[in-house]
Every structure is written in C-alpha cells, then in structure tokens.
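Colleague: Quick one, fold the following:
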Amino acid sequence: MTFVVLAKWIAQPGQASSVARAIANLVEPSRAEPGCRIYQPHRDLDDRGVFLIYEQYADRAAYEAHCASEHFRRWATQQGIPLLEKRARGFYEPFDKIG
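Modeller: Sure, this is the predicted structure:
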C-alpha cells in the first residue's frame, strides 16, 4: 500500500531562509531511502515562509523509517522544526474509484 504524507511547515517570522535550507538538506538523503518513492518540497508563491512537502512511501513502515533516520533528526527535528510557527501533517492513501 502506498502511504502519502502532506507536510505543511510555516516558518517563524525571519526564519524562512533557514527553514528552506533545512528542507533542501532533507531532499537528497530522503529520496535515497529504500521505501521513499517521492519526496518533493514546494514553496508558497505568495508567502515564502510557507512550505508544503509531498511525500510518498512504499508503506507506513517506510515513512516511520524516514522519521527515525539520522538526516531527519538532524535537518528536521534539530534544524527546521524548532524554527516553525506551525507544522501540520496529513496522511493519505491513493484510491482509484469512489466507493
């Protein structure tokens, strides 16, 4: 089962560049994880302190491995998240038909 995460990070005033740097440092090692299918950060066009990260994993266990990784600890837990005003995550699974 594919496991999808939409993570929204809103930087504290004056911290957008530092948050962007933390996210940028997460991209390459996250994409190299065996269970990661897509790791794509986005930045709001009108408010440069708002970030949306679209993540797709093979399953929930692969996402949990991502959260336990050294690069997540370093760049998200220690560098990015402390600079956020707000953080929200949604968890999804794809579907093909209504019902």
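Colleague: got the buried residues for the longest helix anywhere in the chain?
Modeller: Of all segments of type helix in the chain, defined using DSSP state H, the longest is helix 16-31. For helix 16-31, burial by neighbour count (16 or more other Cβ atoms under 10 Å) applies to A16, V19, A20, A22, I23, N25, L26, P29, S30. Yep, even glycine has a C-beta here, placed from its N, CA and C like the rest.
Colleague: Then stretch 54-64?
Modeller: For stretch 54-64, burial by neighbour count (16+ other Cβ under 10 Å) applies to E55, Q56, Y57, A58, A62, Y63.
Colleague: Then stretch 79-92?
Modeller: Neighbour counts using 16+ other Cβ under 10 Å place Q79, G80, L83, L84 of stretch 79-92 among the buried residues.
Colleague: so which of those comes closest to Q40?
Modeller: The closest of the buried residues of stretch 79-92 to Q40 turns out to be G80 (Cβ to Cβ; 16.0 Å).
Colleague: these two touch, right, that closest one and W9?
Modeller: Yes. Using Cβ atoms under 8 Å, G80 is in contact with W9, at 6.8 Å.
Colleague: what's the helix or strand for W9?
Modeller: Element membership for W9, per DSSP states H and E: strand 3-11.
Colleague: which residues in this structure form strands?
Modeller: With DSSP state E as the criterion, the chain has strands at 3-11, 36-43, 50-57, 84-92.
Colleague: Read off the pLDDT value for I98.
Modeller: Predicted confidence (pLDDT) for I98: 63.
Colleague: Same check on P94?
Modeller: Model confidence at P94, expressed as pLDDT, equals 89.
Colleague: My guess is it contacts R37. True?
Modeller: No. Applying Cβ under 8 Å as the test, P94 and R37 come out as separate, 11.0 Å apart.
Colleague: That concludes my questions; thank you for your assistance.
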